[in-house]
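In: Below are the sequence and a predicted model; questions follow.
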Amino acid sequence: MLTRLCDGLRRLRPVEGWFRRVAPDPRFRALDPRIRREIGGKSALSRQDYDTLVGYFALGVAAYRSPRCERVHYPGLPGTRGWSVEGVEGFARSGLLLAAWVSTRGDEVPTPDGGRFHAADHLLRGVAAGSDPDSPAFWGWPVDLDQRIIEAGDIALIAWLLRDRLDGATRRNLARWLTAVLPCQVYGGNWHLAPLLAGLAAAALGTPPDPSLGERVKALQSLALEDGWYEENHAGRVDHYTAWQMHFGLPLAARMGEVVDAAWVNERLVRFARGFAAFFTPNGGVPMFGRSLCYRFAVPAPLILAAAIAPEAVAPGLARRALDVVWAHFIAEGGLAHGTVTQGCGDRPAPELLENYLGRGSCLWSLRSLVAAYLQPPTSPFWTDPPLPLPVEQGSFEHHLAGPDLAVIGDGKSLVVEVRHGRNRGLPEPRREPMGPARRLAQVVFRRPFRPDNYAIKYFRPRYRSDDRWA
């Protein structure tokens, strides 16, 4: 009841900074088509291609960060969270890729304009300013149902990766800010991951372990389905949050502290990755369904993490092939612009497919597959082994995943993969609701997004194909 009431009030309240816009940095006018031309559509990406991509996103951070580095405000459409919190989101989601680079490659990132970006300095300055309650750049204390709770998960991982680089004052401030997340009410489902990561990082920074973390683990375990999938908040449906959130955050949490059963997490990760590998196609298309589709680049992340712990079950070359085809495909579709990821599924913003909570920095969760890759040292098999053929490149197949009740069908001739949802069998094909003039007017009057949720086409179609055109 309280959650519904709070949600209702939020729907009526104007969004902070609704009319504020960020002009795209002019450097990307030439760089965007160059990246699309040189990397988009390639059959295989080189290490240099991936380093170029990290440099591209580092250049975006440099273009749009605040003076104290604690926020990054990107161009694009605002969501419901407000200007200040969207800046925290931009810092956290771009910063985790930079932290992964620093942890395995060094402090500086070469940028595709021939410069160098000091990633470590940016991160250390940002977490110092953002976590200091006496700083004018303070992120603010998280409260119930606050987007800062979610961003605390990525900030926790940044803090954990850089824990040996933090000075005493920053360690204390970060630990205090992360600990403040723990008693906050969350929406449930994958939201429990953020307080879990925050508590584990705070403990690594010297705070006594919080006993509530065990309850977070139990809440996440309660979502487990067969074949390594996770249910979306007990709502009777599944989506790609299993890939880019549950099988990203839980394996990293298992590295951070013993409160997480690493054997249970890793066994489910490997089982999921083995089945999920069948989703990928050589043209880069993946059957996409569910919400937050703009995170599309992140889908290979669990294959990379699984290959790192069980290469005999998930070959590193297979994980690399999945990463290659996804990034090449979505770059060719125009998925990168102005130093960030576009707010859609193709080459333009798609507000009719963008949930109201998604703002200018949100789509940078797409970087999670690159985070998983750059957490692997340069000498790891993921980077050194040759790419291997995807399942559909080896021939036709049909698999059934009992947990999510999905039939995964690959055609070895057309190289198309189709996913049929057993729970949707017999349902009519739903229609896509556009952003009509009434919704656009309401956004101007009420100063907040009024996008159609289009959940019917995201969750209740009988089948989804790798060659679907969402854009």
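Out: Yes, it's here.
In: CA only for contacts and neighbour counts going forward, please
Out: Fine.
In: Can you report how many residues neighbour V143?
Out: 16 (other CA atoms under 10 Å).
In: my bad, V419
Out: 24.
In: what does A253 give?
Out: Using other CA under 10 Å: A253 sits among 26 other residues.
In: E267 versus that one, what's the distance?
Out: 14 Å (CA to CA, to the nearest Å).
In: same question, R237
Out: 22 Å.
In: swap in S369?
Out: 20 Å.
In: who's more crowded, the two?
Out: S369 (26 against 14).
In: who's in contact with the helix or strand where that one lies?
Out: Assigned by DSSP states H and E, S369 belongs to helix 368-374. Helix 368-374 is contacted from outside by 96-97, 100-101, 104, 244, 248, 297-302, 304-305, 323, 382, using CA atoms under 8 Å, 6 or more residues apart in numbering.
In: For that helix, what is the distance to the chain centroid?
Out: 10 Å (CA atoms, centre = their mean, to the nearest Å).
In: then it to PDB, C-alphas only?
Out: Once non-C-alpha atoms are left out, helix 368-374 reads as follows in PDB (Å, rounded to 0.1, in the frame of the first residue of the first chain):
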ATOM      1  CA  ARG A 368      28.500  -4.400 -18.100                       C
ATOM      2  CA  SER A 369      29.700  -6.800 -20.800                       C
ATOM      3  CA  LEU A 370      32.800  -4.700 -21.200                       C
ATOM      4  CA  VAL A 371      33.200  -4.500 -17.400                       C
ATOM      5  CA  ALA A 372      33.200  -8.300 -17.300                       C
ATOM      6  CA  ALA A 373      35.700  -8.400 -20.200                       C
ATOM      7  CA  TYR A 374      38.100  -5.900 -18.600                       C
END
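In: After it, which helix or strand is next?
Out: Next in line after helix 368-374, if elements are assigned by DSSP H and E, sits helix 381-384.
In: and that next one, which residues are buried?
Out: Buried residues in helix 381-384, counted by 16 or more other CA atoms under 10 Å: P381, F382, W383.
In: Tabulate those in JSON lines, adding columns for pLDDT.
Out: As requested, the buried residues of helix 381-384 are exported to JSON lines (pLDDT from 0 to 100):
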{"residue": "P381", "pLDDT": "98"}
{"residue": "F382", "pLDDT": "98"}
{"residue": "W383", "pLDDT": "98"}
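In: Now the nearest residue to W139 once chain neighbours are set aside, what are its backbone angles?
Out: Excluding the flanking residues, the one nearest W139 by CA to CA, 6 or more residues apart in numbering is G130, at 4.9 Å. Per-residue torsions, G130: phi -70, psi -30 (degrees, to the nearest 10).
In: Next one: G130 from N454, what distance?
Out: Counting by CA to CA, the gap from G130 to N454 is 36 Å.
In: ok, the two, which is more surrounded?
Out: Shown here are G130 and N454; by other CA under 10 Å, G130 has more neighbours (25 against 20).
In: give me every residue that touches that one.
Out: For G130, the contact set (CA under 8 Å, 6+ apart) comprises E70, R71, A137, F138, W139.
In: most residues in a single helix of this structure, which one?
Out: As assigned by DSSP state H, the longest helix anywhere in the chain is helix 83-104.
In: So for that helix, what gets flagged as buried?
Out: Quick answer for helix 83-104 (16+ other CA under 10 Å): 83-103.
In: so what secondary structure elements neighbour that helix?
Out: helix 47-64, helix 119-130, helix 147-161, helix 368-374 (3 or more CA pairs under 8 Å, 6 or more residues apart in numbering; DSSP states H and E).
In: Include distance to S466 and mean pLDDT when you put those helices into JSON lines, please.
Out: Shown next, in JSON lines, are these (distance: least, CA to CA, whole Å; pLDDT from 0 to 100):
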{"stretch": "helix 47-64", "distance to S466": "24", "mean pLDDT": "98"}
{"stretch": "helix 119-130", "distance to S466": "36", "mean pLDDT": "98"}
{"stretch": "helix 147-161", "distance to S466": "29", "mean pLDDT": "98"}
{"stretch": "helix 368-374", "distance to S466": "19", "mean pLDDT": "98"}
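In: Out of these, the one nearest D210 is which?
Out: D210 lies closest to helix 147-161 among the helices and strands packed on helix 83-104, at 14.7 Å (CA to CA).
In: Could you identify the most distant pair in the contacts of G130?
Out: Between any two of those (CA to CA), the greatest distance is 9.7 Å, for R71 and F138.
In: more neighbours, the two?
Out: Legend: neighbour count by other CA under 10 Å for R71 and F138, higher for R71 (28 against 19).
In: got the contact list for that one?
Out: R65, S84, G87, V88, E89, G90, F91, G126, G130.
In: Report the contact partners of the nearest residue to it once chain neighbours are set aside.
Out: For R71, ignoring the flanking residues on the chain, the nearest one in space by CA to CA, 6+ apart is G87 at 4.4 Å. For G87, the contacting residues are E70, R71, V72, H73, Y74, G361, by CA under 8 Å, 6+ apart.
In: ok, F330 touching F297?
Out: Yes - assessed by CA atoms under 8 Å, F330 is found in contact with F297 at 7.1 Å.
In: Show me which of the two is the more surrounded one.
Out: Each of F330 and F297 has its neighbours counted (other CA under 10 Å); F297 has more, 28 against 23.
In: The spatially closest residue to the more buried one that is not a sequence neighbour in helix, strand or coil?
Out: Nearest residue to F297, sequence neighbours excluded (CA to CA, 6+ apart): S366, at 4.7 Å. Secondary structure assignment for S366 (DSSP: H, G, I helix; E, B strand; the rest coil): helix.
In: ok, S366 to T340 distance?
Out: 10 Å.
In: just T170 next, same as before
Out: T170 is 28 Å from T340, by CA to CA.
In: Spell out the residue ranges of the strands in the stretch 301-450 of the chain.
Out: For the stretch 301-450 of the chain, strands defined by DSSP state E, counting those that start in this stretch occupy the ranges 336-337, 340-341, 397-401, 406-411, 416-421.
In: okay if I get those as JSON lines plus distance to V109 and mean pLDDT?
Out: Formatted as JSON lines, these follow (distance: least, CA to CA, whole Å; pLDDT from 0 to 100):
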{"stretch": "strand 336-337", "distance to V109": "19", "mean pLDDT": "97"}
{"stretch": "strand 340-341", "distance to V109": "16", "mean pLDDT": "98"}
{"stretch": "strand 397-401", "distance to V109": "41", "mean pLDDT": "98"}
{"stretch": "strand 406-411", "distance to V109": "39", "mean pLDDT": "98"}
{"stretch": "strand 416-421", "distance to V109": "37", "mean pLDDT": "98"}
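In: Please render the ones you listed as TSV that adds distance to R163 to the earlier fields.
Out: Shown next, in TSV, are the strands of the stretch 301-450 of the chain (distance: least, CA to CA, whole Å):
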stretch	distance to R163
strand 336-337	31
strand 340-341	27
strand 397-401	40
strand 406-411	41
strand 416-421	42
